[in-house]
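> Here's a sequence, model it:
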Amino acid sequence: MMRVGMWDSSSISTLFSGLNGSRNTSSASSFINNLDLGTYSSIKSGSYFKLLKSYYSENLDSKASSLVSSSVATAADDTKTLGKIQSDAGDLVKSAQDLYKSGSKDDADTTYKKVSAFVDDYNSLVSAASKSETSKITKNLESMQSLTDMNAKSLAKIGISIDSKSGKLSVDEETFKKADQTKVKALFNGNGSYAYGVATKASMMEYTAKSEAEKSNTYSANGRYNNTYSSGSNYNYFL
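As a prediction, this is how the structure comes out:
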């Protein structure tokens, strides 16, 4: 009788004779007979997992495929792109809030500085979000730019123009400061204003970018491991 270390094939067959839950005894015997002696020997060295994985390979492969298909990165954009969108959208939300929450207390110089910051943040978000392939982000970008187009005439009266190709804004300081400040405030002050509408769209892009960046990517937008990987759930499933 062939022996492996202190084991013989009869002893090993006995060891696995109870593995007949969903499979019959002949299947277990076939499994034993198809293993080489080196694999038998590995039991002694603590490599039982190798045998277990081989025995349950069909079920394990099925579960593994299911796990991988549900846990791999599903975001349409890479984390760097999403992180940039999230950051720029957050900046635009803040600059827009500085305008629509300021009321009528600001003079023309102060308002111009805030509008200038708003324009810069708006343009940065347009550049970042234009590179996105995430439908929710692109739809909100289009909605934000449509809102701007709807207010194009009013914006032009206070010195803010829209580039027809890029959709970006530019503000002429002299025209802006000479403009009727009542019209400026109508566009940028209070809930329901143009600035408020832009902040709403930017906020939605910020939320979507953050959510997409956390969809089972190895790293989150801030460079840390995301929850799936830091918890080790994918790795531990197979141990």
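> Point me to the helix or strand that includes the nearest residue to Ala117 once chain neighbours are set aside.
The shortest distance from Ala117 to any non-neighbouring residue, by C-beta to C-beta, 6 or more residues apart in numbering, is to Ser95 (4.7 Å). Any C-beta I mention is one placed from the backbone N, CA and C, and that applies to glycine too. Assigned by DSSP states H and E, Ser95 belongs to helix 79-100.
> helices and strands around the very next helix or strand once past that helix, which ones?
Remark: after helix 79-100, the chain's next helix or strand is helix 108-129, criterion DSSP H and E. With contacts taken as 3 or more C-beta pairs under 8 Å, 6 or more residues apart in numbering; DSSP states H and E, helix 108-129 sits against helix 79-100, helix 135-150, strand 169-171, helix 173-178, helix 181-188, helix 194-213.
> re the thing from before, what angle sits between the helix holding Ser95 and helix 181-188?
Here helix 79-100 points in a direction 140 degrees away from that of helix 181-188 (axes from the mean of the first three to the mean of the last three C-alpha atoms, to 10 degrees).
> quick one: low-confidence ranges for this protein?
Along the chain, the parts satisfying pLDDT under 70 run over 1-75, 103-104, 216-239.
> check contacts around the residue nearest to Ala117.
114, 117-118, 120-121 (C-beta atoms under 8 Å, 6 or more residues apart in numbering).
> if we go to 7 Å?
Residues in contact with Ser95, defined by C-beta atoms under 7 Å, 6 or more residues apart in numbering, are 114, 117-118, 121.
> contacting residues around Lys131?
Applying C-beta under 7 Å, 6+ apart, the residues contacting Lys131 are Thr81.
> Next, it: secondary structure please.
State at Lys131, reduced to three classes by DSSP: H, G, I helix; E, B strand; the rest coil: coil.
> Next, it: phi, psi?
Main-chain dihedrals, Lys131, degrees, to the nearest 10: phi -90, psi 0.
> quick check, nearest of the contacts of Ser95 to Gly197?
Nearest to Gly197 among the contacts of Ser95: Phe118, at 12.4 Å, using C-beta to C-beta.
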